[in-house]
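> Structure of the sequence below:
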Amino acid sequence: MSNPLRERGNAHESEYFHRKEQELIAKMKAKLEDENARSLAIKCPKCDGTLVESDFENIKIDVCDKCSGVWLDAGELTQVVNQEEKDGGWFGKLFG
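You can find the predicted model right below:
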């Protein structure tokens, strides 16, 4: 004959440990995602700071969070110059 009280206690215990395992798995996944994001971050060629993407007149540029250096990807300088030529700014006149 089975003991219903013992079975109920075992069920609660199993549920508790299952919930704790799920919480631990979620924490471990979050930690791995954070580590992966850090390893994929682009480093500044000058000071090894992290480059943060910023928006300059609808053009995405990279700015270092340590030395405030500005780094442009392929074609971004041309976009900046073309934007300045349309607006008549100093940057377009300088490089145009």
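> And the residue nearest the centre of the chain, how close does it get to residue 55?
The centroid of the chain falls nearest to residue 37 when counting by Cα atoms, centre = their mean (5.6 Å). Computed as Cβ to Cβ, to the nearest Å, the residue 37 to residue 55 distance reads 20 Å. Where you see a C-beta, it was placed from the backbone N, CA and C, and this is true even at glycine.
> again with residue 17
Note on residue 17: its distance to residue 55, by Cβ to Cβ, is 48 Å.
> and what of residue 28?
Taking Cβ to Cβ as the criterion, residue 28 is separated from residue 55 by 34 Å.
> and what of residue 67?
20 Å.
> and the two? which has more neighbours close in?
The neighbour count for residue 67 versus residue 55, taken as other Cβ atoms under 10 Å, is higher for residue 67 (12 against 8).
> element containing the more buried one?
Under the criterion DSSP states H and E, no helix or strand holds residue 67.
> Which residue is the nearest non-sequential neighbour of it?
Once flanking residues are discounted, residue 67 sits nearest to residue 47: 4.5 Å by Cβ to Cβ, 6 or more residues apart in numbering.
> and that neighbour, that's in a helix?
No: read with DSSP: H, G, I helix; E, B strand; the rest coil, residue 47 is coil and lies in no helix.
> Contact partners for it?
Counting by Cβ atoms under 8 Å, 6 or more residues apart in numbering, residue 47 touches 64, 66-67, 69.
> CSV please, covering those and showing pLDDT and distance to residue 82.
Shown next, in CSV, are the contacts of residue 47 (pLDDT from 0 to 100; distance: Cβ to Cβ, whole Å):
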residue, pLDDT, distance to residue 82
64, 89, 25
66, 89, 30
67, 90, 27
69, 87, 23
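> Buried ones only from those, please, as a PyMOL command.
Selection of buried members from these for PyMOL, criterion 16 or more other Cβ atoms under 10 Å:
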select buried, resi 64
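> quick one: the longest helix along the chain to chain centroid distance?
For the chain, the helix reaching the highest residue count under DSSP state H is reported as helix 4-40. In terms of Cα atoms, centre = their mean, to the nearest Å, the centre of helix 4-40 is found 25 Å from the chain centre.
> and what of stretch 26-43?
Relative to the centre of its chain, stretch 26-43 is centred 9 Å away, using Cα atoms, centre = their mean.
> This completes my enquiry, with thanks.
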